[in-house]
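[1] sequence unknown, structure follows:
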Ligand code: SF4
């Protein structure tokens, strides 16, 4: 089958930096080293880090995770943590190493600054994802998480100093829709779109390529926000079927009935060897014909 390699795809600078930091810490530290949640949201990358001797603590939230660590070094993941988590780590006598992506750090600084100037901040993000958890902790009670249009309708904050910003790995198009909904309720709102460049470029490339292929495969893990958003934008804006594939075994040959050209992209935390294996597999695959 003909495979179109969609570029850019795969590792972003934040993921590369997080790996570099984790590796350096492991090599230079004698005691136990933990990652507080998945360093980046990819199953293979996490397994590999564990094999290198970095233990995974993966509770429902970061504060609870710290209570599971009694000594040693803790690495804060690329998604960032709240100031409360940093304080709790210090109180517990842990050595903390921060692998937060610089783009996420910028959003934290923005929210802190806005809140210090009396703004109420509406934050478009995904419930249960660690990035919103960290950002909301910058100004508890003054950062309001909205995930869908119903959440925007339910907002009950005073008019006046209102700002809207967002998680770095959302769909560009869905976020625009959410920001417009916020603007309808709060016409005075100041807008700070914080979707990172890596996410934007991968989404634009995937939507462009979708027009030239019959189907798109996104290599990435189910936890990965940016990988899931790639699937969504291909389906919604590219108008083509798309499937998320975490490992080769996830591929269902039935998806390719009548398919001549398949596009392949990958999330910002997906190891390139895995994407390469998927591409090689698809190149060898003889898709069933439309009538098979
Ligand atoms: S996807 Fe964006 S925010 Fe997330 S680690 Fe990569 S560059 Fe940073």
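    Yep, that arrived. What you see is a predicted model; the values in this text were computed from it and never measured. Numbering: from 1, shown residues only.
[2] ok, now which ones touch the residue of the stretch 1-150 of the chain found nearest the ligand?
    Taking CB to the nearest ligand atom, the ligand has its nearest neighbour within the stretch 1-150 of the chain at residue 14, 2.5 Å off. Yep, even glycine has a C-beta here, placed from its N, CA and C like the rest. Taking CB atoms under 8 Å, 6 or more residues apart in numbering, we find residue 14 in contact with 78, 101, 102, 103, 104, 196, 198, 268.
[3] repeat that with 6 Å
    By CB atoms under 6 Å, 6 or more residues apart in numbering, the contact set of residue 14 is 78, 101.
[4] and it, which of the three is it?
    helix (DSSP: H, G, I helix; E, B strand; the rest coil).
[5] Skipping its backbone neighbours, what lies nearest residue 130 in space?
    Once flanking residues are discounted, residue 130 sits nearest to residue 79: 4.1 Å by CB to CB, 6 or more residues apart in numbering.
[6] and the strand or helix carrying residue 176, is it in reach of the ligand?
    Assessed by DSSP states H and E, residue 176 sits inside helix 172-185. No. Judged by CB under 6 Å from any ligand atom, helix 172-185 and the ligand are separated, with a smallest distance of 12.5 Å.
[7] how about that helix: buried residues?
    172, 174, 175, 176, 178, 179, 181, 182 (16 or more other CB atoms under 10 Å).
[8] Among those, which one sits closest to the ligand?
    For these, the closest approach to the ligand (CB to the nearest ligand atom) belongs to residue 172, at 12.5 Å.
[9] who in the stretch 101-250 of the chain is up against the ligand?
    Residues of the stretch 101-250 of the chain lying near the ligand (CB under 6 Å from any ligand atom): 101, 103, 104, 168, 169, 196, 198, 199, 226.
[10] How about residues contacting stretch 246-258?
    43, 221, 245, 281, 287, 288, 290.
[11] what's the spacing between the residue of the stretch 151-292 of the chain found nearest the ligand and residue 132?
    Of all residues in the stretch 151-292 of the chain, residue 196 sits closest to the ligand, at 3.2 Å by CB to the nearest ligand atom. From residue 196 across to residue 132, the span is 15 Å (CB to CB, to the nearest Å).
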